[in-house]
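K.L.:
for reference, the sequence and a predicted model appear below.
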Number of protein chains: 2
Amino acid sequence: MAETIYKIGAFSKKVGLPNSTLRYYEDEGLIKPHYDGNGQRFYTDQDIKWIGFILHLKGTGMRMGELKDYVTWRAQGDATIPQRVELLDRVKRNAEDEIKELEANLEIVRHKIDWYQGKLDASIDEDEDFDHYLQRFQ
Amino acid sequence: MAETIYKIGAFSKKVGLPNSTLRYYEDEGLIKPHYDGNGQRFYTDQDIKWIGFILHLKGTGMRMGELKDYVTWRAQGDATIPQRVELLDRVKRNAEDEIKELEANLEIVRHKIDWYQGKLDASIDEDEDFDHYLQRFQ
DNA sequence: TGTTGACTTCAAGTGTACTTGAAGTAATAT
DNA sequence: ATATTACTTCAAGTACACTTGAAGTCAACA
């Protein structure tokens, strides 16, 4: 089967990122599309996979700078695998911590919602209860 | 027992926010410290609790604008409880979604780490395996 | 052939949540 | 008394990750 190619507009729709972002990522060295005889970019299915992976990494909180490091290391071959693993592992731990924190804060918000809903049924003095409530989280 | 009061420096240490942030929050209407005869702010234990709650709300992703709404509604009394619950509930759902997304992305990163660690043991062709690996997430 | 739409580069602008700096007054410590 | 620290306001600056605008070239279709 022949290789499918995408110009920036088509690729943009395919991966769900605006053209501007694709150019920006290219400027930053995260993607390297090919260029045709007229100087227009085109992308392949390989690029779709790669962008997908980038988005997963970004989705765990990886920064542009770290992503750039990763790309650089990847281009340098297997010798840099330890660095890459270290980076991924740090990002992983950060994401895990973030989830824990989110869960904890979420728990407070859930309690507060419950408390308000109780208040909608039976009218209690707000200030006193709010204090009492908050004391549980100090 | 007499009421403990804190000037901004002491309060800053107590709640873990820089003075500048405390002034900023005040400008934005999130906190209302008292002022002494010399025009200097002071805070009470009430304010500590309130800041604590604010930080929990921010920790779930609530924006300044939403926080301002919340404060405004709170000042307006019980009639605005439905709005407050609606806001908290939206913030709650956003946080839950964010956690789910983080978990999903984290899963990809964990697999990738495992894969790299396998690669450190047995040398496999990177490009082929990377492709194969990525195909599982399309 | 013309016009619409997609593409190009490069610089400047945007939003969010602070953070820093300037310039000065007040309180505390030696 | 004086030096140091804490405080004040207000405006401007910062970081991050894009996003938009200007000014122009190229391609596709009626």
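P.N.:
Nice, thanks for sending it over.

K.L.:
now for the helix or strand containing residue A:111, which elements pack on it?
P.N.:
Assigned by DSSP states H and E, residue A:111 belongs to helix A:81-121. Helix A:81-121 sits against helix A:64-75, helix A:126-135, helix B:45-59, helix B:81-121, with contacts defined as 3 or more CB pairs under 8 Å, 6 or more residues apart in numbering or on different chains; DSSP states H and E. Using the backbone N, CA and C atoms, a C-beta is placed for each residue, glycine as well.

K.L.:
rerun that using 7 Å as the cut-off
P.N.:
Under the contact criterion of 3 or more CB pairs under 7 Å, 6 or more residues apart in numbering or on different chains; DSSP states H and E, helix A:81-121 touches helix A:64-75, helix B:45-59, helix B:81-121.

K.L.:
buried deepest among those helices, which one?
P.N.:
Mean neighbour count (mean count of other CB atoms under 10 Å in any protein chain shown) peaks for helix B:45-59 among these, with a mean of 18.

K.L.:
can you tell me the average pLDDT over it?
P.N.:
For helix B:45-59, the mean per-residue pLDDT is 93.

K.L.:
just to revisit the earlier point, roughly how far is the helix holding residue A:111 from the heart of the chain?
P.N.:
15 Å (CA atoms, centre = their mean, to the nearest Å).

K.L.:
just want the angle from that helix to helix A:64-75.
P.N.:
Interaxial angle, helix A:81-121 versus helix A:64-75 (axes from the mean of the first three to the mean of the last three CA atoms, to 10 degrees): 150 degrees.

K.L.:
so does helix A:81-121 get close to DNA strand C?
P.N.:
No. Under the criterion of CB under 7 Å from any atom of the strand, helix A:81-121 makes no contact with DNA strand C; the nearest approach is 13.9 Å.

K.L.:
check the contact between residue A:18 and residue A:9; I expect there is one.
P.N.:
No. Assessed by CB atoms under 7 Å, residue A:18 is found out of contact with residue A:9, at 10.3 Å.

K.L.:
is chain B contacted by stretch A:14-27?
P.N.:
No. For a cut-off given as CB under 7 Å from any CB of the partner chain, stretch A:14-27 has no contacts with chain B; the smallest distance is 11.4 Å.

K.L.:
tell me the mean pLDDT for that stretch?
P.N.:
Per-residue scores along stretch A:14-27 average to 92.

K.L.:
export it to CSV, keeping only CA atoms.
P.N.:
Coordinates of each C-alpha in stretch A:14-27 appear next as CSV, following Å, rounded to 0.1, in the frame of the first residue of the first chain:
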residue,chain,number,x,y,z
LYS,A,14,-6.5,14.3,11.7
VAL,A,15,-4.7,15.0,15.0
GLY,A,16,-7.0,17.7,16.3
LEU,A,17,-4.4,20.5,16.6
PRO,A,18,-4.6,23.8,14.8
ASN,A,19,-2.1,24.6,12.0
SER,A,20,-0.5,27.2,14.2
THR,A,21,0.3,24.7,16.9
LEU,A,22,1.8,22.3,14.4
ARG,A,23,4.1,25.0,13.1
TYR,A,24,4.9,25.9,16.6
TYR,A,25,5.8,22.3,17.5
GLU,A,26,7.9,22.2,14.4
ASP,A,27,9.7,25.4,15.3
